[in-house]
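Peer 1: dropping the sequence and predicted coords here.
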Amino acid sequence: HARGTERVHKNVWLEFARLAADYKAVNLGQGFPDFSPPEFVQDAFCKAVSGGHQMHQYTRPFGHPPLVHILAKFFGRIVGREIDPLEDVLVTVGAYQALFCAFQALIEEGDEVIIVEPFFDCYQPMVKKAGGKPVYVPLRPVSGDGSAVPSSGDWVLSPEELASKFTPRTKAVVINTPNNPLGKVYKTEELQVIADLCIKHDVLCISDEVYEWLTYDGNKHVKIAGLPGMWERTVTIGSAGKTFSATGWKVGWAIGSEQIIQRLKAMHQMSVFDCATAAQEAVARGFEREYELFGTPESYFQQLPAMLHQKREKLASCLGGAGLQPVMPEGGYFMIADTSSVTVDFSDFMSTDDEPHDFRFVKWLIKEKGLATIPVSAFYSPEHRKDFDKYIRFCFIKEDSTLDAADDILRTFS
Ligand code: PMP
Ligand code: GLN
């Protein structure tokens, strides 16, 4: 077998999506909206498929021209620099393929890749498949004075611990802001610490920013690519699935300097070659609309976080009532909660003795209570899994009726 091909059955998404379906559970597990994308992108998609014959044929392999143009214009305005649509942007099959291309293109045998924990689970197998060695550094909760509600902002990187992970073999650092599953939105000062180390050690940064529009309580998403000296060494990854609540369209992108992106293009050419045309057309129209409305109340990038803010409050109060202390996310659409104060007899649910606590808890919650979530230790390396196995992750980009159904279940806890 080729390296990495033996492990597909262990995937947390396959395992828990399946359990959720088998038990017809209320699903706050895998992250996707249970409602439709906004009308303007749906209309754009319909218009694309009912339009000319070109929309049904291949488009430019590295990205449909209208899409790469508006992405370059949009992100150029944000980072305050000229972005070349044809050289600095690559459209991919979701952010997932952008990540895969980045690791395959940039990581060589024996390279070390620093991954901040908790991390979106695919980084680890992708780094390994490329021949790299993942090196983990966890965000750690600093305890407040106990009076405030725990927040994802309390979870921080120790600059010394991070610095200690760099070696002459370090090739890249992977960050994810807003973070999945925690919801942490890195502040400029935190990004500056990472940027300084990347520059000092001449290391690349792969920045997964798929939840970039979703921030709450005045927290602002900052692009590390916009910090001095970082454009040349950063790949910024985004997702139309998250941007326009259309995860099934599987449109994503990587943006960076021409020198880096051309290497990702080589991987894209080998693996996929060309992405679906109509979906790219619709996403382009969506961004064109958002470009004009940016910062106004009509912008979906204002409306979606406003709607999600309410859902976040609703879920947090349900969880609090059930004794599952939530960590308030500053961004994204997930919330982690501490299961420690809920005592359960797992004797019937123990699939293996060494299964982490949160995996058992989630299985129990699905099978006995009909509520699906995701165990947070799935977002940790084997070496740190045991230290972070008391949290479970809830997705809140769901209809209020779905959150109410979850609330009904959680009410039976107290
Ligand atoms: N990165 C993170 C942090 C994610 O949560 C997701 C969601 N699947 C992805 C990447 C992949 O995004 P996409 O659905 O666009 O492939
Ligand atoms: N990003 C979504 C989540 O974290 C979906 C994950 C996936 O489908 N691999 O739930």
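Peer 2: That came in fine, so what should we check first? Ligands and ions are numbered 1, 2, ... in the order given.

Peer 1: CA only for contacts and neighbour counts going forward, please
Peer 2: Noted.

Peer 1: and the nearest residue to residue 142 once chain neighbours are set aside, how many neighbours?
Peer 2: Using C-alpha to C-alpha, 6 or more residues apart in numbering and skipping residues adjacent in sequence, the residue nearest residue 142 is residue 154, 5.5 Å away. Using other C-alpha atoms under 10 Å, residue 154 has 16 other residues around it.

Peer 1: flag every residue of this structure that's near ligand 2.
Peer 2: Residues of the chain that fall close to ligand 2, judged by C-alpha under 6 Å from any ligand atom: 13, 30-31.

Peer 1: got the residues of the stretch 151-300 of the chain near ligand 1?
Peer 2: 180, 208, 210, 239, 241, 247, 250-252.

Peer 1: what about those, which are in strands?
Peer 2: 208, 239, 251-252 (DSSP state E).

Peer 1: so which of these comes closest to ligand 2?
Peer 2: residue 239 (10.0 Å; C-alpha to the nearest ligand atom).

Peer 1: next up, the contacts around the closest one.
Peer 2: 94-95, 210-211, 250-253 (C-alpha atoms under 8 Å, 6 or more residues apart in numbering).

Peer 1: redo the residues of the chain next to ligand 2 as a markdown table? Include secondary structure.
Peer 2: Below are the residues of the chain next to ligand 2 laid out as a markdown table (DSSP: H, G, I helix; E, B strand; the rest coil):
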| residue | secondary structure |
| --- | --- |
| 13 | helix |
| 30 | coil |
| 31 | coil |
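
Peer 1: who wins for most neighbours among those?
Peer 2: Most surrounded of the residues of the chain next to ligand 2: other C-alpha under 10 Å gives residue 31, at 22 neighbours.

Peer 1: quick check: that one touching residue 398?
Peer 2: No - using C-alpha atoms under 8 Å as the test, residue 31 is too far from residue 398 to be in contact (9.3 Å).

Peer 1: list the buried residues for stretch 306-326?
Peer 2: For stretch 306-326, the neighbour count (16 or more other C-alpha atoms under 10 Å) marks 306, 308-309, 311-312, 314-319, 322-326 as buried.

Peer 1: what's the most distant pair in those?
Peer 2: 306 and 323 (26.3 Å; C-alpha to C-alpha).

Peer 1: one step back: now, which of the ones in strands among the residues of the stretch 151-300 of the chain next to ligand 1 sits nearest ligand 1?
Peer 2: Closest to ligand 1, out of all of those and judged by C-alpha to the nearest ligand atom, is residue 239, at 4.2 Å.

Peer 1: what about that closest one, distance to residue 286?
Peer 2: 13 Å (C-alpha to C-alpha, to the nearest Å).

Peer 1: repeat for residue 396
Peer 2: 23 Å.

Peer 1: of those two, which one has the most company?
Peer 2: residue 396 (29 against 25).

Peer 1: still on that earlier bit, the residue nearest to residue 142 reaches residue 141, doesn't it?
Peer 2: Yes - if you go by C-alpha under 8 Å, residue 154 and residue 141 touch, sitting 5.4 Å apart.

Peer 1: number of residues surrounding residue 298?
Peer 2: Neighbour number of residue 298 under other C-alpha under 10 Å is 11.

Peer 1: ok but it is inside a strand, no?
Peer 2: No - read with three-state DSSP, residue 298 is coil and lies in no strand.
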